[in-house]
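Novice: Let's see this in three dimensions:
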Amino acid sequence: MRVDGSWIPGEDGVIRPVVSGAVRLASDRWLEVDFLLDAGADRTVFSARFLHHLRHLSTKSTEIILAGVGGGTESITIETSIGFVRDDGEMVTVRGTFAAFTKLESADLSILGRDVTNNFSVIYDYPQQVIVLLAPPHAYEIKRS
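Specialist: Next comes the predicted model:
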């Protein structure tokens, strides 16, 4: 299985690794969301801008503090599924409890963390402009050139 991402310039001009996905809403409808692929993030977090779309999902009212390079920020948790379109056009889903930032200044993009990416071999290749999530039957090999 292969899910392709891309290197996308942000509003600040910085090029970042992004994987497009979809989130299952309470209505069972899927809504597209772009995720910043972050190898340093322990968990997947929806941006506060995206949070209003998730308001009818099962949430845990306990606020948790997520910490990173910029310090700590408040979040809530949401139970849902995230889907990614594979190279064959079918969707693969990951179900779980994910975080959502509650403050707009916390992040511009939703973040795809290791709670999801640990299900895949992840390739970040800036020189070749490749972002790929792989799972069997796909694999990769590193060769000496």
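
Novice: Which helix or strand in the protein has the lowest average pLDDT?
Specialist: Sorting the helices and strands of the chain by mean pLDDT, DSSP states H and E puts strand 59-68 at the bottom, at a mean of 56.

Novice: and the helix or strand following that strand, what does it pack onto?
Specialist: In the C-terminal direction, the helix or strand that comes right after strand 59-68 (DSSP states H and E) is strand 71-85. Identification of packing neighbours for strand 71-85 by 3 or more CB pairs under 8 Å, 6 or more residues apart in numbering; DSSP states H and E yields strand 15-24, strand 59-68, strand 91-101. Yep, even glycine has a C-beta here, placed from its N, CA and C like the rest.

Novice: if you average pLDDT over strand 71-85, what comes out?
Specialist: Average pLDDT, strand 71-85: 83.

Novice: cool, and stretch 28-38?
Specialist: 93.

Novice: got the buried residues for that stretch?
Specialist: Of the residues in stretch 28-38, W30, V33, D34, F35, L36, L37, D38 count as buried by neighbour count, 16 or more other CB atoms under 10 Å.

Novice: now stretch 11-24
Specialist: By 16+ other CB under 10 Å, the buried positions in stretch 11-24 come out as R16, P17, V18, V19, G21, A22, V23, R24.

Novice: Nothing else from me, thank you.
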